[in-house]
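K.L.:
sharing a model that was predicted from the sequence below.
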Amino acid sequence: MEIVALSHSLSQSHNYAVVLGEQDGTRRLPIVIGSFEAQAIAVAMERMTPNRPLTHDLFKNTLDTFDIVLKEVIINKLYDGIFYARLVCEKAGETFEIDSRTSDAIAMAVRFNCPIYTYEFILDSAGISYEETEEGDPADPVKQPGSGSRSKKRSSLEKLSIPKLRTLLDETLKEENYERAAEIRDELNKRKQADS
């Protein structure tokens, strides 16, 4: 996975969303993170050097001092909408793993320039496919501005067919409206579970 976007979360005013994308695929994995972690990721991505080390810089410096290398980050669990991650480290040929919040793990991966991985079941469950699509039906009630509260939006999703939901999801991702994309993804998942 690679970081394809870092933006303000539309669903939670004080949070941000980091969007990971498959390197050779079309799926995206949006993860809501805190403002501190977003800053830590942005600082490392832009190669900025703060006056004093941020917490993630301090942790990297500590690992460097003790000759510990972060080899990879694995987003290994998704439980009740919360992602979990592991830092896979190596010292003197010995590999060990450290439990981490996903946002912190991503901030460390950027600093060590190491790969970020996840499992198929996580992408199947929380991933969103991002493919080029044609414009949807302008009469679609979901896309009209001022369509009402979240419950109205959700009920309008229930009226759409699965192909229309997928098209709407692609358009919503292009607009970087991750809150809405999550609602659409939840509706698709709900239908997938009902069919099982």
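P.N.:
Cool, the structure landed.
K.L.:
helices or strands next to the helix or strand encompassing Val73 in the packing?
P.N.:
Taking DSSP states H and E as the criterion, Val73 maps to strand 69-79. Strand 69-79 is packed against helix 55-65, strand 82-91, helix 102-112, strand 116-118, helix 120-126, with contacts defined by 3 or more Cβ pairs under 8 Å, 6 or more residues apart in numbering; DSSP states H and E. Just so you know, the C-beta spots here come from the backbone N, C-alpha and C atoms, and that holds for glycine as well.
K.L.:
and the chain, what are its domain boundaries?
P.N.:
According to automatic domain parsing, the chain comprises the domains 2-126, 133-195.
K.L.:
hey, which of those domains is tucked in deepest?
P.N.:
domain 2-126 (a mean of 16; mean count of other Cβ atoms under 10 Å).
K.L.:
and that one, how far from the chain's centre?
P.N.:
10 Å (Cα atoms, centre = their mean, to the nearest Å).
K.L.:
what mean pLDDT would you report for it?
P.N.:
Domain 2-126 shows a mean pLDDT of 89.
K.L.:
picking up where we left off before, looking at the helices and strands packed on strand 69-79, which is nearest to Val18?
P.N.:
Closest approach to Val18 among these (Cβ to Cβ): helix 102-112, 6.0 Å.
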